[in-house]
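> no sequence on hand, only this structure:
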DNA sequence: TGACATAATATGTGCATACATAATAATCAA
DNA sequence: TTGATTATTATGTATGCACATATTATGTCA
């Protein structure tokens, strides 16, 4: 009944977060310095530091050397997205995964692709179009360009059997990844491939990856109507 | 020329990451234990721990007590999304921000809303529809429900002047937030409000927030054609 | 006054150490 | 063989301390 267990950094984080939530410290306010909070709460400064890093990662506070710690004045909604391999995603839902190569060829990358990769000159790339199926129905149509320079081994992969999505993600780790999400109206070709009505609204996920400064792949994943992307809870 | 500067945890992280990238350790492989890596690299275990936590947060490795550290067998694309206040987003683009209240009323929350909040009984909530403008053109249409129980002060806010988006985010921090993204076909009402053609494909962001277990607000932000959501670089 | 060097300061990092915790492996009883 | 108990082990956490680094505040000189 005298001393309870020592404080964990999560306790400290929650204590500080609670003070922000109950407006003890409002948006833009400066928080006491680590050392001070450590004394107030009865722990080491290292523990406060650990807690603060978490709050900072979550976008709740901002820290600057010498400047101190402030509650973010313009809060942002910060979330972490996990995009799994499509096969895993389908299996996760309890559906049967299927894969179907639609089109494959080595050709000049269009300007849009070169722009994504920040390439200037003309470049030949591998173009792969494929369907991912869930329970034998179209699920996602992927339109992919792969850098032959960076990933020459892709030529030896039988893309009619194994999806480029899976092979690349397993064999070609990346060091940089850009994502973008938007909506498009289904073209006639999309409608035919995905077996839906034309003019349907489709959710699109675009992903571009590099290893160092060298481009690996860029893929446009066109989902079927009803598809939703959720954040982790 | 004997001893260089001591290793930073970022150096250690990059060294380990490099070994994963060059397939010294492939997907699913077990990594040496922290202590061992610390000796190999010439630093304290704490430093390896710090590096490993970062790799773990990035989804590159998985760690389990006693089980050790493994390179993720099923890599996921993990990214952090920042969704700012809409006004800030518009101003960031160098456009003039505008706001326009479309509809306001206190009424019975529909089932879809109650489901999102995991509420069982009938509940009266504040329903707010508003337009965010960029350079005097419609930018985002927001369809929002606010819990009057949790946020009674919302009744005193003049929502014809200040957006609920901004007031809530500044005055009502949340402890939990769910996000979902998808595409819809513009209804006639959407078309009229957003000044676009009907049947256009629109990108939608839905956000639901709680404080503890108490619901705060759920909002469906319907964007105009061409809108793209990007990850941070 | 303004430019530039200098001091002060809050956060960031590295390390040694001790102990906590979770998950596995080993052990032993029934 | 099975099932419960116990030991082992790799990661996780807390602490004190010293020093690094970035940034602000101060002071100095032209």
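Looks like it came in fine. This structure is a prediction, so every number in the text was calculated from the model and none was measured. Residues are numbered from 1 along each chain as shown, chains lettered A, B, ... in the order given.
> so residue A:120, which state does it fall into?
Using DSSP: H, G, I helix; E, B strand; the rest coil, the structure places residue A:120 in coil.
> and it, how far from residue B:86?
Relative to residue B:86, residue A:120 is positioned 36 Å away (C-beta to C-beta, to the nearest Å). For every residue, glycine as well, the C-beta is placed using N, CA and C.
> ditto for residue A:75
Residue A:75 is 13 Å from residue B:86, by C-beta to C-beta.
> out of those two, which sits in the busier spot?
residue B:86 (22 against 18; other C-beta atoms under 10 Å in any protein chain shown).
> so what's the more buried one closest to, chain neighbours aside?
Of all residues not flanking residue B:86 in the chain, residue B:132 sits nearest, at 4.6 Å (C-beta to C-beta, 6 or more residues apart in numbering or on different chains).
> would the one you found count as being in a strand?
Yes. Under three-state DSSP, residue B:132 falls within a strand.
> give me the below-cutoff pLDDT ranges for chain A.
A:1-5, A:233 (pLDDT under 70).
> what are the structural domain limits within it?
Domain ranges of chain A: A:3-71, A:86-223, per automatic domain parsing.
> need the residues of chain A near DNA strand D, please.
Contacts of chain A with DNA strand D, taken as C-beta under 7 Å from any atom of the strand, map to A:6-11, A:43-47, A:50, A:64-67.
> now, which of the residues you listed lie within strands?
residue A:64 (DSSP state E).
> what number of residues lie near the residue nearest to residue A:164 when sequence neighbours are not counted?
Using C-beta to C-beta, 6+ apart and skipping the chain neighbours, the partner closest in space to residue A:164 is residue A:128 (4.9 Å). With neighbours defined by other C-beta under 10 Å, the count for residue A:128 comes to 24.
> got a list of what residue A:128 touches?
A:101, A:103-104, A:142-146, A:159, A:164 (C-beta atoms under 8 Å, 6 or more residues apart in numbering or on different chains).
> flag every buried residue along the host helix or strand of residue A:102.
For residue A:102, the host element (DSSP states H and E) is strand A:97-108. Judged by neighbour count (16 or more other C-beta atoms under 10 Å in any protein chain shown), strand A:97-108 contains these buried residues: A:97-99, A:101.
> would you turn the residues you listed into JSON lines with distance to residue A:23?
Shown next, in JSON lines, are the buried residues of strand A:97-108 (distance: C-beta to C-beta, whole Å):
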{"residue": "A:97", "distance to residue A:23": "49"}
{"residue": "A:98", "distance to residue A:23": "53"}
{"residue": "A:99", "distance to residue A:23": "53"}
{"residue": "A:101", "distance to residue A:23": "58"}
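> which of those lies closest to DNA strand C?
Comparing the buried residues of strand A:97-108 against DNA strand C with C-beta to the nearest atom of the strand places residue A:97 closest, at 26.7 Å.
> from residue A:137, how far out is the residue nearest to that closest one when sequence neighbours are not counted?
Counting by C-beta to C-beta, 6+ apart, residue A:97 lies nearest to residue A:90, which is 4.3 Å off, once chain neighbours are set aside. Relative to residue A:137, residue A:90 is positioned 10 Å away (C-beta to C-beta).
> what about the two, which has more around it?
The residue with more neighbours, out of residue A:90 and residue A:137, is residue A:90; 21 against 13, by other C-beta under 10 Å.
> okay, the more buried one and chain B: tell me how far apart.
For residue A:90, the distance to chain B equals 13 Å [C-beta to the nearest C-beta, to the nearest Å].
> hmm, back to that, so of the domains of chain A, which one's packed in deepest?
When you average the neighbours per residue for each of the domains of chain A (mean count of other C-beta atoms under 10 Å in any protein chain shown), domain A:86-223 leads with a mean of 17.
> how far does that one sit from the chain's center?
Offset of domain A:86-223 from its chain centre (C-alpha atoms, centre = their mean, to the nearest Å): 15 Å.
> so how far is the first residue of that domain from its last?
Across its full length, domain A:86-223 reaches 11 Å between end residues, using C-alpha to C-alpha, to the nearest Å.
> in contact with the residue sitting nearest the centre point of chain A, which residues?
Geometric centre of chain A, nearest residue: residue A:81, 4.8 Å, by C-alpha atoms, centre = their mean. Residue A:81 sits next to A:179, A:229, A:231-232, B:77-81, B:231 when contact means C-beta under 8 Å, 6+ apart.
> and for residue A:55?
Applying C-beta under 8 Å, 6+ apart, the residues contacting residue A:55 are A:13, A:16-17, A:61.
> 10 Å - rerun?
Residue A:55 is in contact with A:12-14, A:16-17, A:20, A:31, A:61-63, A:69, A:71-72, counting by C-beta atoms under 10 Å, 6 or more residues apart in numbering or on different chains.
> do the same with residue A:77
With C-beta under 10 Å, 6+ apart, residue A:77 has these contacts: A:59, A:231, B:81-85, B:169, B:174, B:177, B:179, B:205, B:207, B:209.
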